[in-house]
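**Q** compute the structure for the input listed below.
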Amino acid sequence: NLAGALDSQGKYAEAEVLQRQCLETCKTKLGETHPNTLSTINNLAGALDSQGKYAEAEVLQRQCLETCKTKLGETHPNTLSTINNLAGALD
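**A** Below is the predicted model:
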């Protein structure tokens, strides 16, 4: 995806803008708890973390984790990915 490519190039602010746009569209079209919406939240948190916005990234990841656990289950790939990303952010 374009936001991921920008992130890989170190264009974190641009990636963040795209991730936020994508998140709003996902929420509107798919709903707050759809797996794609949750993946987008996780990706946005990663873009924030890359910019040193650690507190904001952590809040998003914790919210995402709770929703993943509740809606998708403890062992769903999105839940596990969120746990991994949160651990990395706290490192």
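
**Q** tell me the confidence at the most centrally placed residue in the chain?
**A** Residue closest to the mean C-alpha point of the chain, counted by C-alpha atoms, centre = their mean, is N42 at 1.4 Å. As predicted, N42 sits at a pLDDT of 92.

**Q** in contact with it, which residues?
**A** 60-61, 64, 78, 81-82, 85 (C-beta atoms under 8 Å, 6 or more residues apart in numbering). Placement of C-beta: from N, CA and C, glycine included.

**Q** mind giving me the ChimeraX select for those residues, buried ones only?
**A** Those of these that count as buried under 16 or more other C-beta atoms under 10 Å are selected in ChimeraX with:
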select :60,61,64,78,81,82,85
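
**Q** what is the nearest of the contacts of N42 to L30?
**A** Closest to L30 out of those is N78 (13.1 Å), distances taken as C-beta to C-beta.

**Q** that closest one and G10, how far apart?
**A** Here the criterion is C-beta to C-beta, to the nearest Å. By it, N78 lies 26 Å from G10.

**Q** please apply the same query to G73.
**A** From G73 across to G10, the span is 35 Å (C-beta to C-beta).

**Q** buried residues, stretch 18-29. List them.
**A** 18-19, 22-23, 26.

**Q** how about the contacts made by E58?
**A** Applying C-beta under 8 Å, 6+ apart, we find E58 in contact with 45, 86, 89-90.

**Q** T37 touches E24, doesn't it?
**A** No - if you go by C-beta atoms under 8 Å, T37 and E24 don't touch, sitting 9.9 Å apart.

**Q** where's A13 relative to L2, distance?
**A** 14 Å.

**Q** so which of the contacts of E58 comes closest to C68?
**A** Lowest distance from C68 to the contacts of E58 (C-beta to C-beta) belongs to L86, with 10.5 Å.

**Q** now do that closest one, the pLDDT please.
**A** The predicted local confidence for L86 is 91.
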